[in-house]
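Participant: quick one: sequence and predicted model below, then my questions.
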Amino acid sequence: MFYILFFILGAIFGSFLDCLIYRIYREKSILGRSFCVSCNKILGFLDLIPIFSYIFLRGKCRHCKSKFGIEHFLVEFILGVLFVFGYWLFFSSNLWIYGNLIISFIFYLILVFLLSFIFIYDLKYYLVVDVFVYVGILLSIVFNLIIGSDFYNILYGVILGIGFFGIQYLLSNGKWLGSGDILLGTLMGSLLGIKNTIVALMICYFSGAMLGILFLIFKKKKMKSKIPLGPFISFGIFISFIFGEQIIKWYFNVLGL
């Protein structure tokens, strides 16, 4: 029952996230009613039920029949899955051992929303919205204070996150990455601490390299094509936040240490 409820809740937040991305990029108010971007007709309740409206309307506007992108459906579905995963992680598995489960779960849901926004927005527009990263940094610091994380571990993580991306920014004069990626490095360190920041960086660049190779193989990108780094940083942060300690233990077991 709770899995269904959290899937619905995640899908609702996914629908809101999709709307938020559209309006922020176009500098529109986030308070107005939803509308079709093709005919500007106000959408009714039956048009706005996450996932189900897309399926029942076959991905088209009820008024003008223009097609909605499949990304609307995917964002709602993936957020639903991530919310269900969070419920399983904190209340049905034994993977999470850090601090109060309720507080950790609430933080997880907020983190999923923030990282999803950063992931999608940078993927679509090659931009990082600083205010979302600042909120993530602040909440990460508060969360670590609540669960009693070591101050110096977080401090060293922040130094590593800023330094790693900051050095690349300076060496390339901003050509390899943007200042927003340095902010994401700050978020990474303030949330994960130094060990898990290293894990997140490895995941970020490994996943980026693998996707880049696939793009080249299937000729979707050229060697000099620009690929946003924010989605890979967000992915690395999320995986390391959940599985960082397990990845570290697995790595040292492989080495026999």
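Facilitator: Nice, thanks for sending it over.

Participant: show me this structure divided up by domain.
Facilitator: Here the domain assignment for the chain is 1-93, 126-257, based on automatic domain parsing.

Participant: which of the ones you listed sits most buried?
Facilitator: For the domains of the chain, the largest average neighbour count (mean count of other Cβ atoms under 10 Å) is found in domain 126-257, namely a mean of 17. C-beta coordinates here come from the backbone N, C-alpha and C atoms, glycine included.

Participant: coming back round to it: which among the domains of the chain is found nearest to Val112?
Facilitator: Closest to Val112 of the domains of the chain, according to Cβ to Cβ: domain 1-93, at 5.0 Å.

Participant: show me where the protein has strands.
Facilitator: With strands called from DSSP state E, the chain shows none.

Participant: where does this structure dip in pLDDT?
Facilitator: The model of the chain has pLDDT under 70 over residues 32, 35-40, 43-47, 59, 61, 63, 65, 215-225, 256-257.

Participant: mind doing that once more with 90?
Facilitator: Counting by pLDDT under 90, the ranges of the chain that qualify are 1-2, 18-19, 22-73, 91-101, 148-149, 172-180, 205-230, 244-257.

Participant: now the helices for it?
Facilitator: Counting by DSSP state H, the chain has helices at residues 2-25, 52-56, 70-91, 101-125, 130-147, 151-172, 179-217, 230-255.

Participant: any chance of these in a markdown table, with distance to Cys64 too?
Facilitator: Formatted as a markdown table, the helices of the chain follow (distance: least, Cβ to Cβ, whole Å):
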| stretch | distance to Cys64 |
| --- | --- |
| helix 2-25 | 17 |
| helix 52-56 | 15 |
| helix 70-91 | 16 |
| helix 101-125 | 23 |
| helix 130-147 | 32 |
| helix 151-172 | 44 |
| helix 179-217 | 34 |
| helix 230-255 | 32 |
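
Participant: which of those helices sits closest to Leu31?
Facilitator: Using Cβ to Cβ, the nearest of those to Leu31 is helix 2-25, at 9.3 Å.

Participant: next one: the closest one to chain centre, how far?
Facilitator: Relative to its chain's centre, helix 2-25 lies at 13 Å (Cα atoms, centre = their mean, to the nearest Å).

Participant: report all helices and strands that it contacts.
Facilitator: helix 70-91, helix 101-125 (3 or more Cβ pairs under 8 Å, 6 or more residues apart in numbering; DSSP states H and E).

Participant: now tell me what touches it from outside.
Facilitator: By Cβ atoms under 8 Å, 6 or more residues apart in numbering, the list of residues contacting helix 2-25 from outside reads 28-30, 34, 37, 48, 50-51, 71-72, 75-84, 86-88, 91, 109, 113, 116-117, 120-121, 124-125, 127, 129.

Participant: with distance to Ile103 added, can I get the domains of the chain in JSON lines?
Facilitator: As requested, the domains of the chain are exported to JSON lines (distance: least, Cβ to Cβ, whole Å):
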{"stretch": "domain 1-93", "distance to Ile103": "10"}
{"stretch": "domain 126-257", "distance to Ile103": "6"}
